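> the following comprises the amino acid sequence and a computationally predicted model.
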Amino acid sequence: MLASRSLAAAALCTLVLCTGCVLAQTTDGTKIRDTDVEGIVVGQSTRADVVRMLGAPDKIIYSNLEHDPLFERAYRFRRTKRRTTFFTIIIFSAARTDKNEDNVIVFFDDDGVVEDVAVRLDMNEPGYGKPWGGD
């Protein structure tokens, strides 16, 4: 009888110690506000203006012209936010990640003046949810 209670207590302790839930959030990049992007004027704003409004780009895209391989053609600005829910119990684990991303790419002409702007701002916050499906 004592052995079976000890075994049950050990099993319960193992179950409790091998069960867990984690909520995690990661953010990469600088927040991009739509008001800052609206300040970029095609045909008028320069590289310096864009950096002043949006900060340093996370990627500089160069031309692939043979005679000018290092000419800056575009700046990319990206912000990524992820929220992850993770649940485990003994040998069963489940995870769910919700990711939102803001992207702005500003294209420049040969004189360094803005030629075009591509914008995708995902203003919704990523959410936490049940890791085994559904919302």
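Yep, it's here.
> helix, strand or coil for the residue most central in space within the chain?
In the chain, the residue lying closest to the centroid (CA atoms, centre = their mean) is Thr80, at 1.6 Å. For Thr80, the assignment made with DSSP: H, G, I helix; E, B strand; the rest coil gives strand.
> the protein: helices as residue ranges?
Under the criterion DSSP state H, the chain contains helices at 2-17, 34-38, 47-54.
> can you spell out which helices and strands pack onto the last one?
Think helix 47-54. If contacts are counted by 3 or more CB pairs under 8 Å, 6 or more residues apart in numbering; DSSP states H and E, helix 47-54 sits against helix 34-38, strand 72-89, strand 92-108. The C-beta positions use only the backbone N, C-alpha and C, and glycine is treated the same way.
> angle of the longest one against strand 92-108?
Taking axes from the mean of the first three to the mean of the last three CA atoms, to 10 degrees, one finds strand 72-89 and strand 92-108 inclined to each other by 170 degrees.
> parallel or antiparallel, which strands does strand 72-89 pair with?
Sheet pairing of strand 72-89 (DSSP bridges) gives strand 19-28 (antiparallel), strand 59-62 (antiparallel), strand 92-108 (antiparallel).
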